[in-house]
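Trainee: what's the 3D shape of this:
(2 chains)
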Amino acid sequence: MSEERLIEGCIKQDKRCQESLYKQYYADMLRVCLRYAKSQEEAFDILNRGFLKVFTHMTTYKQSGALGAWMRRIMVNTAIDFYREKSVREKVLPLCLEVYAAPQQAYIQPEIYSKFSSKDILLLLQSLPTNYRLVFTLHAVEGFSYKEISGMMDIKENTCRWYLMEARKLLQERMKQLLLLTPQTNAYDQAAAS
Amino acid sequence: MHMTKQPLHNIDTLFQQKLEELPVDLAQQQAQWQSLSKTMKAQPGQVQTPLHQLGIKWLLITIIVSVPAAFYYFKQPPGFHTAQSATSTNVTQSLFLLRNAARTIPSAKEKVQPQARVELADKAAIPRTPVTILPVDNKIPETNRLPEKIQDSAQATPVKKEKPVTKKIDSTYIYWQ
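Mentor: All right, here's what the predicted structure looks like:
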């Protein structure tokens, strides 16, 4: 079934078209939701809420852009709203709000880079506090600007930069800890871990 | 052992690439779809067809317009609408107003007349305390009494009513008629 027919069917509330659309975009949208969620259960919750919004507002979809990109944006907004409703977002603010022009970048060796699987990276991301995780994912993974993120999350740009800086620090420390915990097989690994 | 210098990877890039490659377990797909479809059935109001939404809008517009129209319609006096449809001018309305005004004049009179009757009835209904006019006392005080002969003659002639004694009777004071 073509995408246009799917969209028409979803507008007419055809259950078969809705199911087909759901299954077609399930993997991509779940992948997006997992980045923002703290656990798999929360990711499923965000996913279904997002799809409910997709089916409700299908009439507002203007076919100028890709359907996947439109749905992806809905999932991101749903994830932010989800944590706003839960009031889980920690009200952690920096002690002094200096102007962070460019938060320090964190670098790792390529060999270390290869040590980490996608699941390890996901676990590292989910271990972050909620605000750190949301800001890091929105900027580093999705590519949103500080201005866009501050509007979406209703925080100041400086606060956004601070969250990003702290998230990178925490991820670097935890990656080091993980490397130390895993058995080292060669000298290079031992050197990289130190 | 030489370690070749390779460019460092940005942690952001690492996360971006790894998360895009993340494998997703499809075992839960059917279960999640069934959960979503149950939610959509339970909340039918949220997922509406455009036609249904349009129908609701028109219904609301109709209600908003019809309420003041009905109020205006029922406010008019009876019989107005048939005349209005016949003439469809404001003349009919003004005639109705005049007729109503003319009706109010006799009705005002009727209000006043019964009111007056009521007032009179009220007055009649008020219990009157009997006013007893005490007879003038013709008794002459003893000291001033005339002898019987003279008294008889006095009685033949009209006797003037004596003024009430206001002063203290003095035996030395004689009333002459």
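Trainee: Scan chain A for its longest helix.
Mentor: Counting by DSSP state H, the longest helix found in chain A is helix A:157-181.
Trainee: Which positions within it qualify as buried?
Mentor: A:157-168, A:170-171, A:175, A:178-179 (16 or more other C-beta atoms under 10 Å in any protein chain shown). Quick note: C-beta positions are derived from backbone N, CA and C, even for glycine.
Trainee: for chain A, which spans come out with low pLDDT?
Mentor: A:87-106, A:109-110, A:181-194 (pLDDT under 70).
Trainee: if we go to 80?
Mentor: Scanning chain A for pLDDT under 80 picks out the ranges A:1, A:62-64, A:86-114, A:178-194.
Trainee: how about the strands in it?
Mentor: Applying DSSP state E to chain A gives strands spanning A:107-108.
Trainee: picking up where we left off before, filter the buried residues of helix A:157-181 down to the ones close to chain B.
Mentor: A:168, A:171 (C-beta under 8 Å from any C-beta of the partner chain).
Trainee: how near is residue A:4 to chain B?
Mentor: As judged by C-beta to the nearest C-beta, to the nearest Å, residue A:4 and chain B stand 17 Å apart.
Trainee: so who does the spatially closest residue to residue A:34 that is not a sequence neighbour touch?
Mentor: What sits nearest to residue A:34 in space, not counting adjacent residues and going by C-beta to C-beta, 6 or more residues apart in numbering or on different chains, is residue A:43, at 4.6 Å. Residue A:43 makes contacts with A:30, A:33, A:34, A:36, A:37, as judged by C-beta atoms under 8 Å, 6 or more residues apart in numbering or on different chains.
Trainee: Which members of those residues are positioned in helices?
Mentor: Here DSSP H is the test, and the contacts of residue A:43 give A:30, A:33, A:34, A:36 as lying in helices.
Trainee: My read is that the second one contacts residue A:75, right?
Mentor: Yes. Counting by C-beta atoms under 8 Å, residue A:33 sits close enough to residue A:75 to count as a contact (5.8 Å).
Trainee: what's the overlap in contacts for those two?
Mentor: A:46, A:47, A:50.
Trainee: Out of those, which is nearest to residue B:13?
Mentor: Nearest to residue B:13 out of those is residue A:46 (C-beta to C-beta; 25.0 Å).
Trainee: residues touching that closest one, list them.
Mentor: Contacts of residue A:46 (C-beta under 8 Å, 6+ apart): A:33, A:36, A:37, A:75, A:78, A:79, A:82.
Trainee: any chance of those residues in JSON lines, with distance to chain B and neighbour count too?
Mentor: Converted to JSON lines, the contacts of residue A:46 look like this (distance: C-beta to the nearest C-beta, whole Å; neighbours: other C-beta atoms under 10 Å in any protein chain shown):
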{"residue": "A:33", "distance to chain B": "10", "neighbour count": "24"}
{"residue": "A:36", "distance to chain B": "11", "neighbour count": "25"}
{"residue": "A:37", "distance to chain B": "12", "neighbour count": "24"}
{"residue": "A:75", "distance to chain B": "13", "neighbour count": "25"}
{"residue": "A:78", "distance to chain B": "13", "neighbour count": "23"}
{"residue": "A:79", "distance to chain B": "14", "neighbour count": "26"}
{"residue": "A:82", "distance to chain B": "15", "neighbour count": "18"}
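Trainee: In stretch A:61-78, which residues are buried?
Mentor: For stretch A:61-78, the neighbour count (16+ other C-beta under 10 Å) marks A:61, A:67, A:70, A:71, A:72, A:74, A:75, A:76, A:78 as buried.
Trainee: Show the contacting residues for residue A:135.
Mentor: Residue A:135 is in contact with A:149, A:153, A:160, A:163, A:164, A:167, counting by C-beta under 8 Å, 6+ apart.
Trainee: Same check on residue A:120?
Mentor: Contacts for residue A:120 were tallied using C-beta under 8 Å, 6+ apart; they are residue A:178.
Trainee: Then residue A:19?
Mentor: B:33, B:37.
Trainee: Look up how far residue B:67 lies from it.
Mentor: 44 Å (C-beta to C-beta, to the nearest Å).
Trainee: What are the phi and psi values at residue B:95?
Mentor: Torsion angles at residue B:95 (phi, psi; degrees, to the nearest 10) stand at phi -70, psi -40.
Trainee: Could you single out the nearest of the shared contacts of residue A:33 and residue A:75 to chain B?
Mentor: Closest to chain B out of those is residue A:47 (6.9 Å), distances taken as C-beta to the nearest C-beta.
Trainee: So that closest one is in contact with residue A:29, correct?
Mentor: Yes. Taking contacts as C-beta under 8 Å, residue A:47 lies within contact range of residue A:29: 5.8 Å.
Trainee: Now do the shared contacts for those two.
Mentor: With C-beta under 8 Å, 6+ apart as the test, residue A:47 and residue A:29 both reach residue A:75.
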